[in-house]
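[1] fold the following, please.
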Amino acid sequence: MASKALIALAVLLCANAVFGVNIISKSQWGGRSPNGKSTLANKLSYAVIHHTAGNYCTTRAACEQQLRNIQAYHMDSLGWADIGYNFLIGGDGNVYEGRGWNVMGAHATSWNAKSIGISFLGNYNNDRLTSAQISAAKSLLADAVSRGQLVSGYTLYGHRQVGSTECPGTNIWNEIRTWANWRA
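    Modelled structure (predicted):
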């Protein structure tokens, strides 16, 4: 019995490594259910990168607390239906579900219906990306292409390219400009 469970676990881990990135679900991080949802199409041409401009986190517990704080701010103070981003990446290197796949975000005015929004937890004018965060972001974008959410030739923008903001912070900005799908 134990060997079958081990084999099943190994298959799941290998499938995850080959076919996608491990995403910690909203229910796993203690997120609230949304007040509403709008469908986001597949075959999108854009991904927009953000930072939360808040506290940096290095452990899953600390990142989960930040996610709950951000969701509460977005829903309770701003009146949004849910946390604004589709996915968030912590300083712990984990990818966390925000609104998730095929749900329109609230992350970049006039771009929400045509892009997915990925945000890094922290203020990247000061904080620096780790190699684990960079790898997680690139894996998430590759997963978005493989599942058809993004087209293979999608354009990657920093939030500052589509809105009047310094987001995603200078350190992320300098990093993403080296990525293959980034466009000026």
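[2] for the residue most central in space within the chain, list each beta-bridge partner.
    Among the residues of the chain, the one closest to the centroid is Phe87, at 2.5 Å (CA atoms, centre = their mean). Taking DSSP bridges, one finds Glu97, Ile118 as the beta-bridge partners of Phe87.
[3] so for the nearest residue to Asn94 once chain neighbours are set aside, what's the pLDDT?
    Nearest non-adjacent residue to Asn94, counting by CB to CB, 6 or more residues apart in numbering: Ile24, 5.5 Å away. All C-beta spots, glycine's among them, are computed from the backbone N, C-alpha and C. Reading off the confidence values, Ile24 has pLDDT 97.
[4] likewise Ala184?
    For Ala184, the predicted pLDDT is 88.
[5] wait, a helix at Pro34?
    No - the assignment for Pro34, made by DSSP: H, G, I helix; E, B strand; the rest coil, is coil rather than a helix.
[6] that one: neighbour count?
    The number of residues packed near Pro34 is 16, by other CB atoms under 10 Å.
[7] how about it, what does it touch?
    Ala81, Asp82, Arg99, Val103 (CB atoms under 8 Å, 6 or more residues apart in numbering).
[8] so how many other residues sit close to the second one?
    Here the number of neighbours of Asp82 (other CB under 10 Å) works out to 22.
[9] find the nearest non-adjacent residue to it, please.
    Pro34 (3.7 Å).
[10] pretty sure the residue nearest to the centre of the chain contacts Ser139?
    No - if you go by CB atoms under 8 Å, Phe87 and Ser139 don't touch, sitting 11.0 Å apart.
[11] what is in contact with these two at once?
    Contacts common to Phe87 and Ser139, judged by CB under 8 Å, 6+ apart, are Val95.
[12] ok but Ser152 is inside a strand, no?
    Yes - counting by three-state DSSP, Ser152 is located in a strand.
[13] from what I see, it and Ala144 are in contact.
    No - counting by CB under 8 Å, Ser152 stays clear of Ala144, with 10.2 Å between them.
[14] of these two, which one has the most company?
    A side-by-side neighbour count of Ser152 and Ala144, using other CB under 10 Å, places Ala144 first with 23 against 10.
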